[in-house]
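Undergrad: pasting the sequence and the predicted model now:
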Amino acid sequence: MRAPAHLSIVLHAHLPFVRHPEHEYHLEEMWYYEAMHETYLPLLQALDRLAADGVPGSLTLSLSAPLLTMMGDELLRDRFITHLDRLIALAKEEIIRRGDDEARLKLAEFYRDRFQGMKSYYLDVLQGDVIRAFRRHADSGRLELMTCVGTHPILPFMATDEGRRAQVRAGLQLFEDLFGRRPRGIWIAECAFSPGVDELLAAEGIRFACLEENGITCADAAPVYGNYSPLVSPSGVAFFGRDQLASAQVWSADEGYPGDFSYREFYRDLGYDLPVDEIQPYIHPDGIRHNTGLKFHRITGDVDLSDKELYDPDTARQRAWEHAGHFLHSRLEQADHLADHLGERPAHITCPYDAELFGHWWFEGPDFLEALFRQAAPVESIALSTPAHFLQEVQVHQQTMPATSTWGEESYFAVWLDESNAWIYRHLRNAEVRMLHLVQDAGHDPTTNRALTQAGRELLLAQSSDWPFIIKTGTTVEYAEGRLSDHLEAFDRLAAMIGDGDLDLEWIGEREAKNNLFPRLTPGIWS
C-alpha cells in the first residue's frame, strides 16, 4: 500500500494595521471587526468542535504581526464587543419589524442567535484572548502556526538587505513573544520571491514557505516531481508551490464553490437595503452607509442585486458539506494520478488561501473546512497534513533556486507595481536607506533611540503591501494614500528631530500610543 498523499490547507491571516484611537467610529477599523466575527472566531469554533470529536488532521495558519497586534489590543477588544452589541440590537429590531414575514423573521433570528453566540464565545469561552486559543490548538498539533514577514511588505521591492531583514526579524520577534517559540515556516507577503529572500529566511532559522506555482515550475532546474514536492533553495529553505487546480476550486467565485447559488450573497446588506432612518443607529454617525454583516439574500444567479432570493442557512450548510466531499474526491483522483508518476514518493498538494475567504467573502467557508476534515478522517489514501509534517516524513528533496514570482494577477508583481502605484516606491526606498544611515550614526542616548525606534515603526507600517494593493484595486484609495503619507511624514519628522537633536517627546508619545505594534522593536534590528 502506497503512502498517503499529503494535502496541506494553508490559510494566510492578515489585515493592515487599522487601529484608530483618535476616532470613536472608524470605517476601516471595521475591517477587523468583520474579520473577527466572520472568519477568525468561526474558524476557532470549528477547530474546537473537531478537537472535541477527535477528528484527525492539521491545518497551517499564518498570523501576521499587524493582525496579532490588533487581536491582543484592549481598545479593539472593547470596540469589537461594542460592534457585536450593535449587530445584536439591529437583529432584534429586524425581528420586531419582520414579525409578519416568516422567512425574514427566521433570518433575523438566525443573525440574533449568531451574534449573541459569537459574543458569548468571545467573552465567556475565550475571555477575549483569541491568541491563546490559537496557541492551544497549536500545542495540540491541530494547527501549524506561522507568521508573516513583518508588516506584509513586497520584499523584492525593498532597497537593502538590512531593510528586508528588519521586516523578517520584526515579525518573528513578535510571534516568539506571543507563542513562546519561533515558527518553522513563514508566509512571504504576496508570495513575492526573488533569489536572496531565501538566504534572509535561512539566517533566521525558517525551514519552509509557500510560493506561487510558477515559482516552482520555472525554477533554475526543472522540478523532478513537478509542483507536488518542495524545492529546497541552496540556503536550505524548502518552498512549496500552490496547486492551481485545487486552489481555483475553492477561491474562484466564477469557477469555484463560493459562486454556488445557494450561498450567501456578499454584496447585498441591510446597511444599504434599509431606509436611512431605520439603519441610522447602526451605521457611521455621519450617515455613511456600510455593510453591517446582516445579509438576507443568497447569490441566486446572474441577476441584479435587487432580484436576489432570500438566503437559507440550512441549505447553504448542506451545500458546503457536499462541496467538501467533491473537493476531497477531486484530490483523491489527483493523488491517484500523481502516484503513477511519483512512485513510492508521497505527493504533497499545497492549497494556500487568504484566510478571510473562509467566512468573510465566502460565508460558508468555515463550514466547508470543518466538513472537509470530517470527511477526510476515514480516508487512508490522503492525509490533511502540513508542510512541516511533510518535511519530517520525506527527508530528501531536490535542490535548486525557485523563480522570481508572486501570486495574484499574472504571478509577477503586476498588482503591486503598475502606473497607479509605482510612485510610492521611490519614497519608501529613500526612507529605508535613510533609516540605515540613522541607525549607523546612532549613539547610546536612550531618548534618541526611542525616537529612532518609532521612526522604524513608521517605516515598517509604510512598507505594507496593502497600500499599493488598495491603490491598484481602486477601493479605499484615499485611505491608503493617506496612510502612506502619514507614516512617511512621521518618519521624516522623527528623522529631522534626531538630526537636530531637538526631540518633541509629547508628539513621539502620541505616535507610540497610536501605532503600538512591535513593542520590543529596537534600532538594532536594522543593523
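TA: That came in fine, so what should we check first?

Undergrad: start to end distance for stretch 458-472?
TA: This stretch, stretch 458-472, spans 22 Å end to end (CA to CA, to the nearest Å).

Undergrad: same question, stretch 355-372
TA: 16 Å.

Undergrad: same question for it, mean pLDDT?
TA: Stretch 355-372 carries an average pLDDT of 98.

Undergrad: who touches that stretch?
TA: Stretch 355-372 is contacted from outside by 9, 11-15, 34-35, 38-40, 42-43, 45-46, 49-50, 59, 61, 250-251, 257-258, 263-264, 266, 295, 316-317, 319-321, 323-325, 327-328, 384, using CB atoms under 8 Å, 6 or more residues apart in numbering. Using the backbone N, CA and C atoms, a C-beta is placed for each residue, glycine as well.

Undergrad: among those residues, which ones are buried?
TA: 9, 11-15, 34-35, 38-40, 42-43, 45-46, 50, 59, 61, 250-251, 257-258, 263-264, 266, 295, 316, 319-321, 323-324, 327-328, 384 (16 or more other CB atoms under 10 Å).

Undergrad: filter the residues you listed down to just the ones in helices.
TA: 34-35, 42-43, 45-46, 50, 250-251, 316, 319-321, 323-324, 327-328 (DSSP state H).

Undergrad: ok, and for the helix or strand of the chain with the lowest mean pLDDT, which residues are buried?
TA: Scoring the helices and strands of the chain by mean pLDDT, DSSP states H and E places helix 244-251 at the bottom, with a mean of 89. Within helix 244-251, the residues that count as buried by 16+ other CB under 10 Å are A246, S247, Q249, V250, W251.

Undergrad: following that helix, which helix or strand shows up next?
TA: Next helix or strand after helix 244-251 toward the C-terminus (DSSP states H and E): helix 270-273.

Undergrad: what sits up against the helix or strand following that next one?
TA: Moving toward the C-terminus from helix 270-273, the next helix or strand (DSSP H and E) is helix 276-279. Residues outside helix 276-279 that contact it (CB under 8 Å, 6+ apart) are L90, E93, R97, L270, G271, G287, R289, T292.

Undergrad: please repeat the previous calculation with a cut-off of 7 Å.
TA: L270, G271, G287, R289 (CB atoms under 7 Å, 6 or more residues apart in numbering).

Undergrad: may I ask which of the residues you listed has the most neighbours?
TA: L270 (23 neighbours; other CB atoms under 10 Å).

Undergrad: that one contacts N291, doesn't it?
TA: No: with contact defined as CB atoms under 7 Å, L270 and N291 do not form a contacting pair (8.7 Å).

Undergrad: any idea how many residues pack against the closest residue to A403 other than its chain neighbours?
TA: Nearest residue to A403, sequence neighbours excluded (CB to CB, 6 or more residues apart in numbering): C218, at 3.8 Å. C218 is flanked by 15 other residues according to other CB under 10 Å.

Undergrad: do the same with T447
TA: 11.

Undergrad: strands of the stretch 351-500 of the chain, start to end?
TA: 382-385, 398-399 (DSSP state E, counting those that start in this stretch).

Undergrad: out of those, which is the most enclosed?
TA: strand 382-385 (a mean of 22; mean count of other CB atoms under 10 Å).

Undergrad: mean confidence for it?
TA: 96.

Undergrad: can you dump the C-alpha atoms of that strand in CSV for me?
TA: Taking C-alpha atoms only, strand 382-385 is exported to CSV below (Å, rounded to 0.1, in the frame of the first residue of the first chain):
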residue,chain,number,x,y,z
ILE,A,382,-4.9,11.1,1.7
ALA,A,383,-3.9,13.0,4.9
LEU,A,384,-4.8,16.5,5.9
SER,A,385,-1.2,17.5,6.7
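
Undergrad: show me what it is packed against.
TA: strand 5-13, helix 313-342, helix 365-376 (3 or more CB pairs under 7 Å, 6 or more residues apart in numbering; DSSP states H and E).

Undergrad: closest one to Q454 among the ones you listed?
TA: When the helices and strands packed on strand 382-385 are compared by CB to CB, strand 5-13 sits nearest Q454, at 26.4 Å.

Undergrad: how about the closest one as CSV, C-alpha atoms only?
TA: Provided in CSV are the C-alpha atoms of strand 5-13 (Å, rounded to 0.1, in the frame of the first residue of the first chain):
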residue,chain,number,x,y,z
ALA,A,5,-0.7,11.9,-0.2
HIS,A,6,-0.3,15.0,1.9
LEU,A,7,-3.0,17.7,1.5
SER,A,8,-2.0,20.9,3.2
ILE,A,9,-4.6,23.7,3.6
VAL,A,10,-2.6,26.8,4.4
LEU,A,11,-4.5,29.9,5.5
HIS,A,12,-2.9,33.3,5.5
ALA,A,13,-4.5,35.6,8.0
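
Undergrad: and that strand, how far from the chain's centre?
TA: 13 Å (CA atoms, centre = their mean, to the nearest Å).
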